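Asker: build me a model from this:
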Amino acid sequence: MDKNIFKDPKSCKKTDVAQSPFWFWNDKLEKEELSRQLKLMSEKGIKNIIPHGRHGFIGEYLDDTWFENIELVLEHKRKNNEITWIYDEINWPAGTCDRTITQNEEFREQYLDFNVIHLKKGELYRYLCLENTINVTAHLEETSIFINLIADYKVGWTGIEYRCTEDCTIYEVNIKIDQYIAVNPLSDSDLGQGSNAVNYLNKEATIAFLDSTYEKYYERFKDDFGSVIKAFFNDETRLCNTFPWTQEFAKKFIELKKYDIRPLIHNLLIENEESGRIRCDYFDVVAHLYQQNYIKIIADWCEERGIGLAAHLLNEETLAGQVRYNGDFMRQLKYMTLPGIDHLGKGIGSLNAKFGSSAARNNGKNDFHCEVFAGCGWDMTMYEAVRMTSWLFQQGVQIIINHAFFYSDREERANDWPPSQFFQWKEWDKMENYNSMLRRLYYMLAYETKFERETLIYNPVESFWFNYIGNQKFKHGYLNFGPKIEGKEHYLLIMNYKNL
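Answerer: Okay, here's the model as predicted:
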């Protein structure tokens, strides 16, 4: 160990990444104030920052003025031999380009919508294709009605009529396009922006996102890629609906699993061994498409241009959240150059840090980050910050992403997952010492530590897939709710795994 680095950690440039705060651009930006705040951070030893367009921002995202302000940041970084990461969205989740990508309905999340009807002998059932849905018959070239016992039917002007010959169950399935609308509480209603649920399983939607955002940065700042601009940060992507779908799903399923899921799709809702195995195959393909058509495409783009991809997903804390929102969390971290997690609030003890650091190590990734302190409140002390930081480093975290440094705490901006740990914080005078602590820890863990792995813990994601029957009425946009757990077997699985 180099004792000089330990004595003066700010002298070691390779520890600059140890503290990499979000810098909320949440008001009308003034160049003089931007410069002042950049200087404040540099003076405390904070050499890597992540400018983050945020609720309360006044201006146009990615217009000429936006990029003039990015240039101001880069000019400061060049002059002071510092670095920056680029937050690739305004607000979150990533992939929307301020919810413009989803104005194209082809790029909105598609999902299976099940309507289960139990009929008694002699009952009549009429089937109509609902408005704003894609009938599975047209989209999958298969029937959209699945019946346990085939009933007599006829086609009439009302659609298809079924007269039940014996008690039966009908599984009516449509593919819907997500219509979730998000409204920014600090600006005018943006209902005209459309849905904010991107189809992360659709590679064309990902390419459109790259073209709308990443390529614009590269066009303007190509010479800074790899030197000043070290990474893009991709934040909190998630599957909004319980049973996601995409146009190539059926074809990819046949390719990977060697059978056609379309006539068996109703098994996603049935509790038995055969259905459980089909459900495992379905979620395996969901996770595969999420990884290959979103994360890997962005990671490859970054690698080709000499920078990294830093990212974290939504709801990494539990196996249930991981399956519900990305299919398979451990798999999704494979292609991230700088994989990470977030940790909300002051509590300690969740498994997400171990999940993430384990995946990072297994994939040969060294720098593992955590976005932390959101929701701790303005009364958070430096003592509490150090306590949480120490626990995270014990779990394998090496980089702290402060959530966040506020450009402004004016009016409602002060309530955006506080506190700001910037100059508005009562403990700001201690930030230089905190930065030095992070640099020492990063140096020791990244360059002077040998990881020992004495215990192997099985990650039972397949067992969860087998037992998991999602609640399709539960959707997720911006709201931070966990998935509703239904079914005794996978509830017990989660509770036992959480207590390991």
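
Asker: ok but Lys230 is inside a strand, no?
Answerer: Yes - under DSSP: H, G, I helix; E, B strand; the rest coil, Lys230 falls within a strand.

Asker: that one and Gly306, how far apart?
Answerer: Going from Lys230 to Gly306 by C-beta to C-beta, to the nearest Å gives 9 Å. Heads up, the C-betas are built off the backbone N, CA and C, glycines and all.

Asker: so for those two, which residue has more residues nearby?
Answerer: Taking neighbours as other C-beta atoms under 10 Å, Lys230 and Gly306 compare with Lys230 leading, 22 against 11.

Asker: three-state assignment of Cys370?
Answerer: At Cys370 the chain is in strand, as set by three-state DSSP.

Asker: what about it, neighbour count?
Answerer: 26.

Asker: verify the stated contact: it with His403.
Answerer: No - taking contacts as C-beta atoms under 8 Å, Cys370 lies outside contact range of His403: 9.6 Å.

Asker: what is in contact with those two at once?
Answerer: Contact criterion C-beta atoms under 8 Å, 6 or more residues apart in numbering; residues shared by Cys370 and His403: Asp342.

Asker: map the structural domains onto the sequence of this structure.
Answerer: Segmentation of the chain into domains, based on automatic domain parsing, reads 3-104+195-242+288-447, 110-177.

Asker: quick one: average pLDDT of the longest one?
Answerer: Confidence over domain 3-104+195-242+288-447, taken as the mean pLDDT, stands at 95.

Asker: give the buried residues for stretch 405-416.
Answerer: By 16 or more other C-beta atoms under 10 Å, the buried positions in stretch 405-416 come out as 405-409, 413, 416.

Asker: which pLDDT value goes with Gly192?
Answerer: 39.

Asker: could we number from 33 for the rest of this?
Answerer: With 33 as the first residue, the last one maps to Gly224.

Asker: residues touching the closest residue to Ser440 other than its chain neighbours, list them.
Answerer: Sequence neighbours aside, Asp59 is the residue nearest to Ser440 in space, at 3.7 Å (criterion: C-beta to C-beta, 6 or more residues apart in numbering). Counting by C-beta under 8 Å, 6+ apart, Asp59 touches 88-90, 439-440, 442, 445.

Asker: closest to Cys44 among these?
Answerer: Of all these, Cys44 sits closest to Tyr439, with 28.6 Å by C-beta to C-beta.

Asker: in three-state terms, label the most far-flung residue of the chain relative to its centre for me.
Answerer: In the chain, counting by C-alpha atoms, centre = their mean, Gly154 sits farthest out from the average C-alpha position, at 48.5 Å. Put simply, Gly154 is coil when judged by three-state DSSP.

Asker: residues in contact with it?
Answerer: 195-196.

Asker: any idea how far it is from Asp199?
Answerer: Distance from Gly154 to Asp199, by C-beta to C-beta: 10 Å.

Asker: now do Leu346
Answerer: 41 Å.

Asker: next, Phe425: secondary structure please.
Answerer: helix.

Asker: isn't it right next to Leu473, touching?
Answerer: Yes - the pair Phe425 / Leu473 is scored as a contact, 5.4 Å apart, by C-beta under 8 Å.

Asker: what helix or strand does Phe496 sit in?
Answerer: helix 493-499 (DSSP states H and E).

Asker: cool, Leu470 as well?
Answerer: helix 463-479.

Asker: packing partners of that helix?
Answerer: For helix 463-479, the elements it packs on are helix 35-39, helix 414-426, judged by 3 or more C-beta pairs under 8 Å, 6 or more residues apart in numbering; DSSP states H and E.

Asker: repeat the analysis, applying 10 Å as the threshold.
Answerer: Packing partners of helix 463-479 (3 or more C-beta pairs under 10 Å, 6 or more residues apart in numbering; DSSP states H and E): helix 35-39, helix 63-75, helix 414-426, strand 431-434.

Asker: ranking those by mean neighbour count, which comes first?
Answerer: By mean neighbour count, with neighbours taken as mean count of other C-beta atoms under 10 Å, strand 431-434 ranks first of these at a mean of 26.

Asker: what about the helices in the stretch 133-282 of the chain?
Answerer: With DSSP state H, counting those that start in this stretch applied, the stretch 133-282 of the chain shows helices at 168-172, 235-241, 247-253, 281-289, listed in chain order.

Asker: now these as a markdown table including mean neighbour count and distance to Tyr203?
Answerer: Formatted as a markdown table, these follow (neighbours: other C-beta atoms under 10 Å; distance: least, C-beta to C-beta, whole Å):
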| stretch | mean neighbour count | distance to Tyr203 |
| --- | --- | --- |
| helix 168-172 | 18 | 10 |
| helix 235-241 | 20 | 28 |
| helix 247-253 | 15 | 43 |
| helix 281-289 | 16 | 17 |
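
Asker: nearest to Gly377, of the ones you listed?
Answerer: Nearest of these to Gly377, taken as C-beta to C-beta: helix 235-241 at 30.1 Å.

Asker: any idea how far the nearest residue to Arg419 once chain neighbours are set aside lies from Ile373?
Answerer: Using C-beta to C-beta, 6+ apart and skipping the chain neighbours, the partner closest in space to Arg419 is Ile380 (7.5 Å). Distance of Ile380 to Ile373, given as C-beta to C-beta: 13 Å.

Asker: intersection of neighbour lists for these two?
Answerer: 424, 427 (C-beta atoms under 10 Å, 6 or more residues apart in numbering).

Asker: more neighbours: which of the two?
Answerer: Ile373 (28 against 14).

Asker: tell me who's in contact with the spatially closest residue to the more buried one that is not a sequence neighbour.
Answerer: Nearest non-adjacent residue to Ile373, counting by C-beta to C-beta, 6+ apart: Gly388, 4.4 Å away. Counting by C-beta under 10 Å, 6+ apart, Gly388 touches 344-345, 348, 361-362, 365, 368, 371-374, 397, 400-402, 427-429.

Asker: how about Asp332?
Answerer: 341, 367.

Asker: so which residues of the stretch 183-332 of the chain form strands?
Answerer: 184-188, 191-195, 200-209, 261-269, 276-277 (DSSP state E, counting those that start in this stretch).
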